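# Below are the sequence and a predicted model for it; my questions follow.
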Amino acid sequence: MPGEAGGGEMGSERIIADTNLFLRLLTDDVPDQVDLFIELLNKAAKGEFQFVINPMVIAEIVWTLESYYHLPKSRIQSQILAILNTPGLDVMDSDLVLQAIHWYLEKNVDFIDAFNAAWMQQQGITSVYTFDQMHFKRFEGIRTMMPG
């Protein structure tokens with residue numbers, strides 16, 4: 001990702017970066033928009049402001065790269081790791097996102113299921129009710145249960 005290591009200053013304005021900004025950058029399908037976003041990333045890396053995203057943005061990126069762009073999980077994982085390491089970008093719950101993107105590839109599960117499993121682990125929750133047990137059964141220490 002563009003920019004040098006550093007990140008935002010403590011007093012800098014925090015601004016949400018929408019999913020479509022990252023999709024333009026990762027797919028390079030609208031080059032003019034990529035250039036505009038790179039300019040913003042460089043400003044954020046210099047501390048002019050701080051971009052902030054939450055795990056929902058990451059989930060939307062993963063879903064779109066899978067369903068629309070048909071990218072392999074390994075490539076999606078490397079792109080999410082690049083986002084997590086972008087100077088000037090604060091990814092909320094980055095520890096959970098990092099664990100989820102690791103399990104997403106390692107356990108071959110949906111990103112959302114991997115994120116929920118990581119969140120469960122963080123919260124000390126060991127059981128889940130679900131109608132779709134396939135993915136949760138791939139996590140050690142999680143007991144899956146069917147309603148009824």
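Right, received. Where do you want to start?
# Phi first, then psi, for residue 30.
Dihedral angles of residue 30 (phi, psi; degrees, to the nearest 10) stand at phi -140, psi 80.
# Tell me, how many residues neighbour it?
14 (other Cβ atoms under 10 Å). Any C-beta I mention is one placed from the backbone N, CA and C, and that applies to glycine too.
# Residue 12: what's it in contact with?
Residues near residue 12 by Cβ atoms under 8 Å, 6 or more residues apart in numbering: 47, 48, 49, 50.
# If you go by neighbour count, which of those are buried?
Buried members of those, scored by 16 or more other Cβ atoms under 10 Å, are 47, 49, 50.
# Run through the strands of the chain in chain order.
Taking DSSP state E as the criterion, the chain contains strands spanning 14-16, 50-53, 89-91, 127-129, 143-145.
# Now tabulate those in CSV and tack on distance to residue 73.
Below are the strands of the chain laid out as CSV (distance: least, Cβ to Cβ, whole Å):
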stretch, distance to residue 73
strand 14-16, 26
strand 50-53, 20
strand 89-91, 19
strand 127-129, 22
strand 143-145, 22
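# In CSV: these, plus distance to residue 110 and mean pLDDT.
As requested, the strands of the chain are exported to CSV (distance: least, Cβ to Cβ, whole Å; pLDDT from 0 to 100):
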stretch, distance to residue 110, mean pLDDT
strand 14-16, 24, 97
strand 50-53, 19, 96
strand 89-91, 19, 97
strand 127-129, 14, 97
strand 143-145, 14, 96
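# Most widely separated two among the contacts of residue 12?
48 and 50 (8.8 Å; Cβ to Cβ).
# List the contacts of stretch 30-39.
By Cβ under 8 Å, 6+ apart, stretch 30-39 touches 2, 21, 22, 24, 25, 28.
# list the contacts for the residue nearest to the third one when sequence neighbours are not counted?
I take that to be residue 22. Closest residue to residue 22 apart from its sequence neighbours, by Cβ to Cβ, 6 or more residues apart in numbering: residue 61 at 5.4 Å. Residue 61 is in contact with 19, 22, 23, 26, 79, 80, 83, counting by Cβ under 8 Å, 6+ apart.
# No further queries at this time; thank you.
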